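K.L.:
Sharing a model prediction with you, sequence too.
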Amino acid sequence: MLLDGKRAVVTGASRGIGRAVAEALRNAGAWVIGTRTAAATDPDPACQEWLEADFSDLEQLRACADRVRAAGADILINNAGINKVAPFEAIDPQDFLRIQQVNVLAPLLLCQAVIPAMKLKGWGRIVNVSSIFGKVSRAQRGPYSASKFALDGMTVALAAEHSGHGILANSVAPGFIDTDLTRRVLGDAGIAAVLANVPIGRLGNVAEIARLILWLAGPENTYICGQNIAIDGGFTRV
Ligand code: NAD
């Protein structure tokens, strides 16, 4: 299979986009190590191995990065992310910092953890899950947009330093995808309102995002690095 012999780390693999990506990588033959915030009561087949860590806790994040470093991953998908909408003048500094820690600092530490093994092998693929709100922004998206624009900038810097070592880093920018996060943040009325601005006229689904990430993270991607690829039903371009 396409990813036989590859070891992949997917953050936030317990649900939503991360879960679909973990399943896609596993179905393509990879050994998948997923992170989740808490242990599940039943065995979860999405990944062969699980690491528990809440990235808003720096000690847990550092411990997780140490485990990821020891795993010698070939593929890293930084998917875990959080959002909290708030009017600009009401943004709470603690919320702001928590969002940057989960959405930007965690990907940084995990990239640092996987790069040494990737360099030794001369091969690695990193996909950071950004957002359309890392390309454009809207009211009440200050902390989230700050984090996703930052994640994109970090991805470009990563590609500048490591593409020559065979490590291809990219980010993807999903639009409005049907997940818990979207339903919680927007609600039914909010979803109806945003769909008026999505040329394809529906929410995206997690399988569509997983297919793009699977391709970017695999051996068929040989010449794309440092890009931020929107998968948004046309929202940011059309
Ligand atoms: P979700 O809320 O359904 O799942 C988020 C995942 O992140 C979960 O697995 C959760 O365990 C993990 N996570 C949450 N808080 C965490 C923490 N403190 N520490 C460690 N892990 C944590 O979200 P989703 O919709 O699947 O989003 C996944 C990624 O895609 C996020 O980075 C999000 O910003 C991005 N995204 C989502 C959409 C969308 O429409 N759903 C659009 C654009 C970008």
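P.N.:
Good, I have the coordinates.
K.L.:
which ones are touching the residue nearest in space to the middle of the chain?
P.N.:
Centroid-nearest residue in the chain: residue 79, 2.1 Å away (criterion: CA atoms, centre = their mean). By CB atoms under 8 Å, 6 or more residues apart in numbering, the residues touching residue 79 are 10, 11, 12, 13, 17, 18, 21, 129. All C-beta atoms are positioned from the backbone trio N, CA, C, and that covers glycine.
K.L.:
now do 7 Å
P.N.:
Contact partners of residue 79, counting by CB atoms under 7 Å, 6 or more residues apart in numbering, are 10, 11, 12, 17, 18, 21, 129.
K.L.:
How about residue 67?
P.N.:
residue 51.
K.L.:
got the residues of this structure near the ligand?
P.N.:
12, 14-18, 36-37, 54-56, 79-82, 102, 129, 131, 174, 176-177, 179-182 (CB under 6 Å from any ligand atom).
K.L.:
circling back to that earlier point, separation between the residue nearest to the centre of the chain and residue 139?
P.N.:
Counting by CB to CB, to the nearest Å, the separation of residue 79 from residue 139 is 26 Å.
K.L.:
and what of residue 235?
P.N.:
Residue 235 sits 16 Å away from residue 139 when distances are taken as CB to CB.
K.L.:
Cross the contacts of residue 79 against helices and list the overlap.
P.N.:
Using DSSP state H, the subset of the contacts of residue 79 located in helices is 17, 18, 21.
K.L.:
Neighbours of the first one, how many?
P.N.:
Meaning residue 17. Using other CB atoms under 10 Å, residue 17 is surrounded by 28 other residues.
K.L.:
same question, the second one
P.N.:
Residue neighbour count, defined by other CB under 10 Å, stands at 29 for residue 18.
K.L.:
Need the pLDDT of it.
P.N.:
We have a pLDDT of 98 for residue 18.
K.L.:
Surely it is in contact with residue 9?
P.N.:
No - under the criterion of CB atoms under 7 Å, residue 18 makes no contact with residue 9, lying 10.8 Å away.
K.L.:
and the residues of the chain next to the ligand, which are buried?
P.N.:
12, 14, 16-18, 36, 55-56, 79-82, 102, 129, 131, 174, 176-177, 179, 181-182 (16 or more other CB atoms under 10 Å).
K.L.:
now stretch 193-203, how far from the centre of its chain.
P.N.:
23 Å (CA atoms, centre = their mean, to the nearest Å).
K.L.:
From the chain's centroid, how far away is the longest strand along the chain?
P.N.:
In the chain, assigned by DSSP state E, the strand with the most residues is strand 167-174. Distance, stretch centre to chain centre, for strand 167-174: 9 Å (CA atoms, centre = their mean).
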